[in-house]
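**Q** return a 3D structure for these sequence lines:
(one chain, ligands or ions: 1)
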Amino acid sequence: MRVLVNDLGEPDHRGRLSDEQVIALYAAPSLPWLRVNMVSTLDGSATGSSGLTGSINNEADHRVFHLLRSMADAIVVGAGTARAEGYRPTDRPIVLVSRSARVPERLVGAPPGAVLLATVSTAEHLDEARELLGTEHVLVLGSHRVNLVGLKEQLVARGWTNLLSEGGPHLLRDLVDQGAADELTATFVPRLVAGTHPRITDGPPLDVPLSLRLLLEEDGTLLGRWFIGWGTST
Ligand SMILES: NC(=O)c1ccc[n+]([C@@H]2O[C@H](COP(=O)([O-])OP(=O)(O)OC[C@H]3O[C@@H](n4cnc5c(N)ncnc54)[C@H](OP(=O)(O)O)[C@@H]3O)[C@@H](O)[C@H]2O)c1
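**A** Presented below is the predicted three-dimensional model:
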């Protein structure tokens, strides 16, 4: 893995990057910070033949995916992704975002506090979620849409200031739309898949500029950090 663009003020490195160097290059510039990490093919597909990310991601993406997890205080994920990708409890708290409050099967029975849910007061499965996760682990943030800035504030109040979202496409779009996301961290794998697949964003249109801060390359795979918003100068 080598550095192609580095506009972070971090020292440049030559040769293969160590894990410590990659971690330094991905450090949050300030806290609190919420980054969203996604992977895409060069023709813009967020999934491959399996309908999941496992059929498009590769070793370089895996490496950064796991290093970003190791740096995060909590992982914020859309319920759709948690269901599709079969999320299980991990060593970081998982914060599910769901309008229905339906807890994905593989997260049922997680140790108390390993899974939090951010949902709305009108959620169909709210009572069930409270029973499964514990009332204190269910955050009601709005009546019809989850207030994602409010969610970030609640997580920060728990001491979780370095936040990683792993998507999916609807959640990424909404985090950007509501101004809750600070950064898009994206991997572009050198593959074309055509067909009908989601992109890394989904939902109503938006148009938000991004500012490239870092670009790494390994065997044709590009891994970058883009800060979100107009005139981001951090
Ligand atoms: N390429 C990548 O990096 C990447 C990353 C993640 C996922 N994916 C792929 O994306 C696909 C899933 O796409 P998706 O768009 O359905 O993922 P998603 O955004 O994780 O899931 C959508 C669902 O999550 C909940 N949700 C998301 N945003 C919400 C919001 N703002 N407020 C309330 N609830 C919200 C809702 O759950 P309820 O239905 O429970 O209300 C919604 O139906 C899968 O195929 C997965 O493999 C790709």
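**Q** now for the helix or strand hosting Leu116, which elements pack on it?
**A** Element membership for Leu116 (DSSP states H and E) is strand 115-119. With contacts taken as 3 or more Cβ pairs under 8 Å, 6 or more residues apart in numbering; DSSP states H and E, strand 115-119 sits against strand 94-97, helix 126-133, strand 138-140, helix 148-157. Any C-beta I mention is one placed from the backbone N, CA and C, and that applies to glycine too.
**Q** pLDDT value on Gly15, please?
**A** pLDDT for Gly15: 75.
**Q** tell me the contacts of it?
**A** Listed by Cβ atoms under 8 Å, 6 or more residues apart in numbering, the contact set of Gly15 reads Arg2.
**Q** in a helix, that's where Ser143 is, yeah?
**A** No. Counting by DSSP: H, G, I helix; E, B strand; the rest coil, Ser143 is not found in a helix; it is coil.
**Q** name the nearest residue to it, ignoring sequence neighbours.
**A** Among residues not flanking Ser143 along the chain, Ser121 sits closest, at 4.9 Å (Cβ to Cβ, 6 or more residues apart in numbering).
**Q** can you give me the helices for the protein?
**A** Assigned by DSSP state H, the helices in the chain fall at 19-25, 59-71, 79-84, 126-133, 148-157, 169-177.
**Q** residues in this structure within reach of the ligand, list them.
**A** 38-40, 46-47, 51-53, 78-81, 84-85, 97-100, 102, 145-146, 166-171, 174, 198, 200, 202 (Cβ under 6 Å from any ligand atom).
**Q** show me what the strand holding Leu116 is in contact with.
**A** Against strand 115-119 from outside (Cβ under 8 Å, 6+ apart): 74, 89, 93-101, 103, 107, 126, 129, 133, 137-141, 146, 148, 151, 154.
**Q** and that strand, what's buried?
**A** For strand 115-119, the neighbour count (16 or more other Cβ atoms under 10 Å) marks Val115, Leu116, Leu117, Ala118, Thr119 as buried.
**Q** lowest-pLDDT helix or strand in this protein?
**A** strand 2-6 (a mean of 93; mean pLDDT, DSSP states H and E).
**Q** can you list the buried residues in that strand?
**A** Neighbour-count burial for strand 2-6, counted by 16+ other Cβ under 10 Å, picks out Val3, Asn6.
**Q** tell me which residues are up against it.
**A** Identification of contacts with strand 2-6 by Cβ under 8 Å, 6+ apart yields 12-17, 25, 212-218, 222, 224.
**Q** now do stretch 121-133
**A** Defining contact as Cβ under 8 Å, 6+ apart, one finds that stretch 121-133 is touched by 98-103, 108, 110, 112, 115-117, 119, 138, 140, 142-144.
**Q** what about this structure, any weak spots by pLDDT?
**A** Scanning the chain for pLDDT under 70 picks out 230-234.
**Q** quick revisit: same list (the helices of the chain) but as TSV, adding distance to Thr185.
**A** Shown next, in TSV, are the helices of the chain (distance: least, Cβ to Cβ, whole Å):
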stretch	distance to Thr185
helix 19-25	11
helix 59-71	7
helix 79-84	15
helix 126-133	28
helix 148-157	17
helix 169-177	11
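**Q** any idea which of those is most buried?
**A** Neighbour counts (mean count of other Cβ atoms under 10 Å) averaged over each of these peak at helix 169-177, with a mean of 22.
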